[in-house]
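Trainee: please find the sequence and the predicted model below.
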Amino acid sequence: MPKRQKYRKSQRGKIRGKANKGNTVAFGEYGLQSTQAGWINSRQIEAGRITSAHFLKGSGKVHIRIFPHKTVTATPQETRMGKGKGEPEYYVACVKPGTVLYEIGGVPKEVAKQVMNRISHKMPVRCRFVERREE
């Protein structure tokens, strides 16, 4: 959840195109990159963080590259039409194809692959394992 925001409620919008920012591994050696567009819930992001922390048992460093800025509103069940927009229910991060979701450093490639595989099971979008490119 963001600390401050300009507007309480946001429109849904459309996720168009591929990611041109945040699409390379910048902080760790290995990353988890989305291959689909979609919304990732704040709870799903947290589930991935807990999974990685549990598997690594204190070794290595995990970087979360996405943040849930967008509010998703909902009206209560069995409410009649009208009466305006619903109240904010939860927060999501809008993810384009190519966005790096998580990064990991300080562990061997095999361990990183296992961790990212476990995290990808928690994600609502398809993901792939990527390595840092040396330039």
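Mentor: On my side now, so go ahead.
Trainee: tell me the confidence at W39?
Mentor: Predicted confidence (pLDDT) for W39: 97.
Trainee: no, scratch that, I was asking about E135
Mentor: Note on E135: pLDDT of 67.
Trainee: same question for G86.
Mentor: 95.
Trainee: same question for P2.
Mentor: At P2 the predicted local confidence, pLDDT, stands at 88.
Trainee: quick one: it and Y91 touch, right?
Mentor: Yes - P2 is within contact range of Y91, at 7.3 Å (criterion: Cβ atoms under 8 Å). (C-beta placed from N, C-alpha, C; glycine too.)
Trainee: which neighbours do these two have in common?
Mentor: Here P2 and Y91 share the contacting residues 68-69, scored by Cβ atoms under 8 Å, 6 or more residues apart in numbering.
Trainee: between these two, who's got more neighbours?
Mentor: Residue environment comparison for P2 versus Y91 gives the larger neighbour count to Y91, 20 against 11, counting by other Cβ atoms under 10 Å.
Trainee: quick one: contacts for R118?
Mentor: For R118, the set of contacting residues under the criterion of Cβ under 8 Å, 6+ apart consists of 51-52, 55.
Trainee: mind doing that once more with 6 Å?
Mentor: By Cβ atoms under 6 Å, 6 or more residues apart in numbering, the residues touching R118 are 51, 55.
Trainee: ditto for the one 3 residues further on
Mentor: H121 makes contact with no residue, according to Cβ under 6 Å, 6+ apart.
Trainee: please begin residue numbering at 4 from this point
Mentor: Sure, I'll start numbering at 4, so the last one becomes H124.
Trainee: any idea which element it lies in?
Mentor: Taking DSSP states H and E as the definition, one finds H124 inside helix 112-125.
Trainee: how far does the helix or strand just after that helix sit from its chain's centre?
Mentor: Past helix 112-125, further along toward the C-terminus, the next helix or strand under DSSP H and E is strand 130-134. The gap between the average C-alpha position of strand 130-134 and the chain average comes to 14 Å, counting by Cα atoms, centre = their mean, to the nearest Å.
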